[in-house]
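> I would like the atomic coordinates for the input below:
(chains A and B)
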Amino acid sequence: MKLQKALSYSPRADFIVEVIQMVSGLLLVLFLWTHMLFVASILIGSNAFNSLSLFMEKNYLLPAAIVFLVLVGGAHIGAVIRRIPSRWAEQKIVWKHAKLIHHADTWSWLFQSVTGAAILALAIIHIAVVTYGGIDVIYSSGRIKHGFLVFYAVLLLLAEYHASVGLYRIFVKWGWVKRHKLHWVLGVISVLTVGIGATVLWIFFTMGVHA
Amino acid sequence: MIERELTFRIMRYNPDEPEKKPHLQEFHLTEEPGMSLFVVLNKLREEQDPTLRFDFVCRASICGSCGMLVNGRPTLACKTLTKDLPDVTTLLPLPVFKLLGDLSVDTGVWFRDMSFRTESWVHTDETFDPDAPEKRMDNAVALEIYEAERCIECGCCIGGCATANIKPDFIGAAGVNRVARFMVDPRDKRTEREYFEVVGNEDGVFGCIGLMACDDNCPVGVPLRDQLAYVRRKMASAGWRYQKV
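Model (predicted):
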């Protein structure tokens, strides 16, 4: 062992970071799905959506969600950043490697890091807009009508893709489920989530048209 | 059957002539019934270019020396039949390992280093008595050990692994599979903690990001995903209970 390694020796560090990555990822997926269910309240009606939003505002659930996202999202980013090849030479190797070996799961990992970075940027905008713009049927539909439709459609697809691939990876790594069964289950969940999200977006968009 | 004219684009590179950049050279030959890449490469060397370098020993997927990228996929050349290939096939040497020339790589140095680092020998303080009858092992355990030992060290799992391609110290599926073999072995007296210090880190099982190209490409079908998950779970439990001495 070399001195610099002996001085900084912490045998559990890699294990702990791995656990942080997994737990924070799972919490974020849980958040995403809860979020989708909450916005889906518009499917019941405008009143349901507005009263849910009012309830969350009154009980400080919105700032709580932001604190949660900063802490858990921050932990997730801190943990996964070690996986993303940071040097240009390494980036070149992994992209060439993926093109060379024709392997779907290798591609999905590259997309995972790309979507992760994109989600970070889009989610910050989304949170800022929602915090300052407020959550309410009229505000939300107005936003979606006036320019944010594509933004939300992209964020929805990216988030669902990232979450689904991340979940797949966790189950594959720990060996809990058969792989093709996993593909199937996650595929169904993704289609449902994207379906709900798209429907909600469409409802808001048409509402915005009439308003 | 109409005989196909096959094209092979083979990487040519000689480390002794660094001024010549690596390039793909095209070869053509007529397909024959039952033809494998072993036959193709030997024919090319005998009839077209005696300087072509590649490795073969057993031509029966036992020795593990002919691992290469066949149209990008890491596999053994000897068990690849031309009838399963398109008209044009690209052959590249395995990445990660030291390139000796053309399709020939040195897997031996890598595997020896991995063996040392994973301490691939039975750790025991029992003194060996050559006259005593050998201790019997439960059949199920023996089979489990044998499953891991089927690895022929061809390096396909390493060449196909994105992590191994960028992290030179990562022991890969071959290394983790090796550790799994000793974990199952009742003669090995290493504690979970001792194993943890060897593989419970980024160079070991926690360096795996779960792309499973190893599992998808293993030419002898070692259940690498199960082995990786087995070691990961064991090391997680060791990490959880790990206490500072």
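
> and chain A, which residues reach chain B?
A:11-16, A:18-19, A:82-83, A:85, A:90, A:93-94, A:97-103, A:105-106, A:109, A:169-170, A:172-176, A:179 (C-beta under 8 Å from any C-beta of the partner chain). Bear in mind the C-beta positions are built from the backbone N, C-alpha and C, glycine included.

> Show me just the buried residues among the residues you listed.
By neighbour count, with 16 or more other C-beta atoms under 10 Å in any protein chain shown, those hold A:12, A:14-15, A:18-19, A:83, A:85, A:93-94, A:97-98, A:100-101, A:103, A:105-106, A:109, A:169-170, A:172-173, A:175, A:179 as buried.

> In helices only, show me those.
Those of these mapping onto helices are A:14-15, A:18-19, A:93-94, A:97-98, A:100-101, A:105-106, A:109, A:169-170, A:172-173, A:179, per DSSP state H.

> Now do the SS call for A:L28.
Secondary structure for A:L28, judged by DSSP: H, G, I helix; E, B strand; the rest coil, is helix.

> for it, what are its contacts?
By C-beta atoms under 8 Å, 6 or more residues apart in numbering or on different chains, the contact list for A:L28 reads A:72-73, A:76, A:163.

> out of the residues you listed, which is most surrounded?
A:A163 (25 neighbours; other C-beta atoms under 10 Å in any protein chain shown).

> Work out which residue lies at the spatial centre of the chain.
You didn't pick a chain, so chain A it is. In chain A, the centroid-proximal residue (C-alpha atoms, centre = their mean) is A:A159; its distance is 3.8 Å.

> Oops, wrong one, chain B.
Nearest to the geometric centre of chain B sits B:G155, at 2.2 Å (C-alpha atoms, centre = their mean).

> which residues of chain A score low on pLDDT?
When residues are selected by pLDDT under 70, those of chain A lie in A:209-211.

> hang on, the earlier thing: is it true that the residue nearest to the centre of chain A touches A:F31?
No: assessed by C-beta atoms under 8 Å, A:A159 is found out of contact with A:F31, at 10.0 Å.

> where do the contact lists of the two overlap?
With C-beta under 8 Å, 6+ apart, A:A159 and A:F31 have no common neighbours.

> What pLDDT is listed against the residue nearest to the residue nearest to the centre of chain B when sequence neighbours are not counted?
Spatially, and ignoring its direct neighbours in sequence, B:G155 is nearest to B:T107 (4.3 Å; C-beta to C-beta, 6 or more residues apart in numbering or on different chains). For B:T107, the pLDDT comes out at 96.

> my read: B:T107 touches B:C63, true?
No: here B:T107 lies out of contact with B:C63, judged by C-beta under 8 Å, at a distance of 10.7 Å.
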